[in-house]
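# Sequence and computational prediction follow.
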Amino acid sequence: MNWDWQVFCKDTIDGNMVPRCFGGAGDITYLDWLLSAWGWTISVSLLALLVALVLGSIMGILRTAPHRGLVLLGNAWTELFRNIPLLVQIFLWYHVVPALIPPLRGVPSFLLVVLGLGLFTSARISEQVRAGIQSLTGGQRMAGLAMGFTLPQTYRYVLLPMAFRIVIPPLTSESMNIVKNSAVAFAVSISELTLFALQAQEETSRGIEIYLAVTGLYFITAFAINRVLHFVEQRVRVPGMIGGGG
Amino acid sequence: MLNLDFAFFTPAVVSGYVLKGFVFSLQLTAIAMLGGIALGTVLALMRLSSKPWLTLPAAGYVNTMRSVPLVMVILWFFLLIPLVIGRPLGAEMSAIITFTLFEAAYYSEIMRAGIQSVARGQVAAGYALGMSYGQTMRLVVLPQAFRNMLPVLLTQTIILFQDTSLVYAIGAYDLLKGFEVAGKNFNRPVETYLVAAVLYFIISFSLSMLVRKLQQRIAIIR
Amino acid sequence: MPMIEMKNVSKWYGEFQVLAECSTQVEKGEVIVVCGPSGSGKSTLIKCVNGLEPFQQGEVIINGISVGDPKTDLPKLRARVGMVFQHFELFPHMSITENLSIAQVKVLGRGPDEARERGLKLLDRVGLRSQADKFPGQLSGGQQQRVAIARALSMDPICMLFDEPTSALDPEMINEVLDVMVELAQEGMTMMVVTHEMGFARKVAHRVVFMDQGRIVEDDKKEAFFGSPRSERAQQFLSKILHH
């Protein structure tokens, strides 16, 4: 087969080749579109990751609290968002939630997708945070309390600093998953990479080149997140622990 | 506040729109699970062999599949299969092939961990009894690996079942599609999506409860 | 008024009774050793003293304050009761100095410099000044346990609880920890010590409490306990432990 990478230099409206590949003054090439779609993928992923980390951590912590009601709340949250397919959850946020809660009607679909993807992922993160805290021996909790720390202080100074170090590796893979899972946003017309792939493939019939570029950008994004978190993992290593420096 | 009205969900509507999609989702899940586990086991054995010409392709395959979004994998296969076989293939058939090959990558990682969980002495014991490599694997190692990993394999299958909804990208008629079409035809999208979510939840949740029970039982037997 | 007073403390895990009407007391400046076979409830008993383990019946009173009373500010009470654990339980992500100062700063509200000074002084006392900037994972078990004792002392406790402080240690490290404890006892610290180290008991204990199956079977002056324990279980236990 023959490649035609120049497809990215074409204008998206008239299909003419644009010199230097970047459109200007109102013209958009497929390359321009691809990069903007990449921007949407990155924005959706990072914002959803933020939502997922905050809510997932809170729910994970609640599930380890010595209080039946809080544990129940954390468990229910996790089961709810873990057992409905992501795409269905995205549809719920897009079609159902605004219909049931009128004030949400004006919210841009971008934010709804961020919420949907974020809550879906928060269930997985809550599972990891819970496991991380429970992997610490009960003695650490007791030692904190015995020093006169209140329960929140024991979490803040004793349990969470270690638990978060332990869960960085699974959190890394979950963060890479969020980039991959952000692809479902195409279904509610967010102009991200997968929607670009579908539409540009249709318009140009150069599916392989388009898909290769999109797949490559997903890969680069996930890999970048992996490197950043790997760096964090190295930085917070505890001397004297397994795998720790010094 | 919107008035929800589920009255249009008559048995006729269910069997006319939803059932067909439901059957396909279950078929897709079952085939991709069985095919994926079979292929995944082969991939796992390849990765655990000592020959680079077996390890490298298997590792490359698994890592590639795992680093691409499933939706993109679905689109890739939908684009490539017709080019390879020279004629168009329906979305449903394409989905079955895609999911089998895609899930194989995930099942293979589970099987690899399962095989590694079997004590090394077991392999030695198999050889000591005069068994060949194939016999040792088939009769000694794999049965134990399957048992150890059964809960994880089933958990992956629950994820697979949820992921089948992504065939939306190529327009295959699955459970979610069934609900969506019904919702459009009766102009009741809110209700249909709600019911779809509840149904998916009930199925996935009860399956994961079963897996948890199974896990406890296996833990006791061990 | 005794420093620690336990009155008829009972505790159940579901149907299973782990403590049955345990009563004893520790006077100010007194050292008592609690011993007994494993599963006898001694670790649970000592954790009831500062409320780490809740109990369903009875009363524990420390320096006039009831531990089981829901109105009691438990963190405030625990801050004054030092505790040393079997597995040291230093905070692995903090340096030794931070381990010694964190609770002084966050619980007692001391300034960071003051807390650090106090911590270093206590490190000196347990002979580990040179390890101040290391992390727990870089120390031997015996060193970690000495740091743990210093950490408890940094809070200026009115009494100290030891929960099998030497049972997780390699034999050659046991004495370095016991030496610190003996010194502490001789200085007049009020101590309740769960241990099988009968040498320690003979040397500094005033009284010995023997537990079996969740009950306090013997509660005697040291001399009486080692002279002729009244119960058969305690005799068996002693002969096992002493002939090892």
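Thanks, I have the structure now.
# got a list of what the nearest residue in space to C:Thr97 that is not next to it in sequence touches?
Excluding the flanking residues, the one nearest C:Thr97 by Cβ to Cβ, 6 or more residues apart in numbering or on different chains is C:Ala132, at 5.0 Å. All C-beta atoms are positioned from the backbone trio N, CA, C, and that covers glycine. C:Ala132 sits next to C:Ser95, C:Ile96, C:Thr97, C:Gly119, C:Leu120, C:Leu123 when contact means Cβ atoms under 8 Å, 6 or more residues apart in numbering or on different chains.
# got the residues of chain B near chain A?
By Cβ under 8 Å from any Cβ of the partner chain, the residues of chain B that approach chain A are B:1-2, B:67-72, B:75-76, B:79-80, B:162-163, B:165-166, B:168-169, B:176, B:189-190, B:193-194, B:196-197, B:200-201, B:204-205, B:208.
# residue nearest the centroid of the chain?
No chain in the question, so chain A it is. In chain A, the centroid-proximal residue (Cα atoms, centre = their mean) is A:Ile178; its distance is 3.2 Å.
# if you could check chain C rather than the one you did, that'd help
In chain C, the centroid-proximal residue (Cα atoms, centre = their mean) is C:Phe162; its distance is 1.6 Å.
# cool, chain B as well?
Of all residues in chain B, the one closest to the mean position by Cα atoms, centre = their mean is B:Leu160, 3.7 Å from it.
# doesn't B:Met33 make contact with that residue?
Yes: using Cβ atoms under 8 Å, B:Leu160 is in contact with B:Met33, at 6.3 Å.
# need the contact list for the residue nearest to A:Ile28 when sequence neighbours are not counted.
In space, and not counting its chain neighbours, A:Ile28 is closest to A:Thr12: 4.9 Å by Cβ to Cβ, 6+ apart. Neighbouring residues of A:Thr12 by Cβ under 8 Å, 6+ apart: A:Gly23, A:Ile28, A:Thr29, A:Tyr30, A:Asp32, A:Trp33, A:Glu203.
# A:Thr12 and chain C: what is the separation?
When distance is defined by Cβ to the nearest Cβ, to the nearest Å, A:Thr12 is 53 Å away from chain C.
# Show me the helices in chain C, by range?
C:42-49, C:74-79, C:96-106, C:112-125, C:141-153, C:171-186, C:198-204, C:222-227, C:232-242 (DSSP state H).
# same deal with chain B?
Taking DSSP H, the helices of chain B run over residues B:11-13, B:19-48, B:52-67, B:70-85, B:91-117, B:120-128, B:133-135, B:142-163, B:175-185, B:189-221.
# and the fifth one, what does it pack onto?
Put plainly, it is helix B:91-117. Packing contacts for helix B:91-117, counted by 3 or more Cβ pairs under 8 Å, 6 or more residues apart in numbering or on different chains; DSSP states H and E, involve helix B:19-48, helix B:52-67, helix B:70-85, helix B:142-163.
# picking that back up, can you turn the buried part of the residues of chain B next to chain A into a ChimeraX selection?
Buried residues among the residues of chain B next to chain A (16 or more other Cβ atoms under 10 Å in any protein chain shown), as a ChimeraX selection:
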select /B:67,68,69,70,71,72,75,76,79,162,163,165,166,168,169,176,189,190,193,194,196,197,200,201,204,205,208
